[in-house]
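[1] Sequence and predicted structure, then a few things I'm wondering about:
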Amino acid sequence: MSLLKPFSKLPGLNTANILLVENEEQFQQSLADILVEETSVSVTVRLAKTLPLPMENDESRPRIDLVVFIMNLTSELSFQSAEASLKYLDPGYFLGKVCFMVTNARNASVPTERLDAVRKLAASLHCPLLFAEDQAPDGVTSATERLLTVLKVAAGLVPTTTALYLSNLTRCTLPPDIEQPSFD
């Protein structure tokens, strides 16, 4: 099993490639359907349940500009799957080419500890954490627009803005009431 590397292939002209990773595949397909409708840039969407990706089509696979881990907060397995998949990404991806998207955050049955765990994970990796409403069509459209903005920057299609710069602006930070490791 090899690592997925961000700079092992050349980018395509006016093309952005996104990998959506979701264990339950509920929200993934609706996001993908709207993403490919984008007209200002050619968007290629790859879907996966977990990482690593199969090796047999590695040569034909395009460069992945952004990896999005979609986590359903009502499912503990969804978080565990995303966390286990992280080890199959090259550290170069964590320089602005990874983000986390959370669904069902408003659900009353979601334990607050699970949301805190997701926030800690995103903050520890200095990655953006996006929240999405997957039950309403407007929520899916809004989530797609936010993802498309991050994807265009990660693919290098926005002049004077880099993925690392955007990552620093949008990364998840923890409020002081959540335990953080001390470096003293």
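    Ah, there it is.
[2] Could you pull up the residues touching the residue nearest to the spatial centre of the chain?
    The residue lying closest to the centre of the chain (CA atoms, centre = their mean) is Val68, at 1.8 Å. Counting by CB atoms under 8 Å, 6 or more residues apart in numbering, Val68 makes contact with 18-21, 98-101, 147. (Glycine included, C-beta is placed from N, CA and C.)
[3] Filter these down to the ones in helices?
    Applying DSSP state H to the contacts of Val68, the entries found in helices are Leu147.
[4] which one of the contacts of Val68 sits closest to Glu83?
    Glu83 has its nearest neighbour among those in Phe100, at 10.4 Å by CB to CB.
[5] My guess is that closest one contacts Phe131. True?
    No. Phe100 is not in contact with Phe131 according to CB atoms under 8 Å; the separation is 9.7 Å.
[6] more neighbours, these two?
    Using other CB atoms under 10 Å, the more surrounded residue of Phe100 and Phe131 is Phe100, with 23 against 18.
[7] Restricted to strands, list the contacts of Val68.
    Those of these mapping onto strands are 18-21, 98-101, per DSSP state E.
[8] Restricted to buried residues, select the residues you listed in ChimeraX.
    A single ChimeraX command selects the buried members of the ones in strands among the contacts of Val68 (16 or more other CB atoms under 10 Å):
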select :18,19,20,21,98,99,100,101
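[9] Which single one of the ones in strands among the contacts of Val68 is nearest to Val118?
    The nearest member of the ones in strands among the contacts of Val68 to Val118, counting by CB to CB, is Phe100 at 6.7 Å.
[10] And the helices in the chain?
    Under DSSP H, the chain gives helices at 28-35, 76-85, 112-124, 137-154, 163-170.
[11] Next, the buried residues of the lowest-mean-pLDDT helix or strand in the chain.
    Of all helical and strand segments in the chain, the minimum by mean pLDDT, DSSP states H and E falls on helix 163-170, at a mean of 79. Within helix 163-170, the residues scored as buried using 16+ other CB under 10 Å are 163, 166-167, 170.
[12] In a markdown table, list those along with distance to Leu73.
    Below are these laid out as a markdown table (distance: CB to CB, whole Å):
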| residue | distance to Leu73 |
| --- | --- |
| Ala163 | 26 |
| Leu166 | 25 |
| Ser167 | 23 |
| Thr170 | 20 |
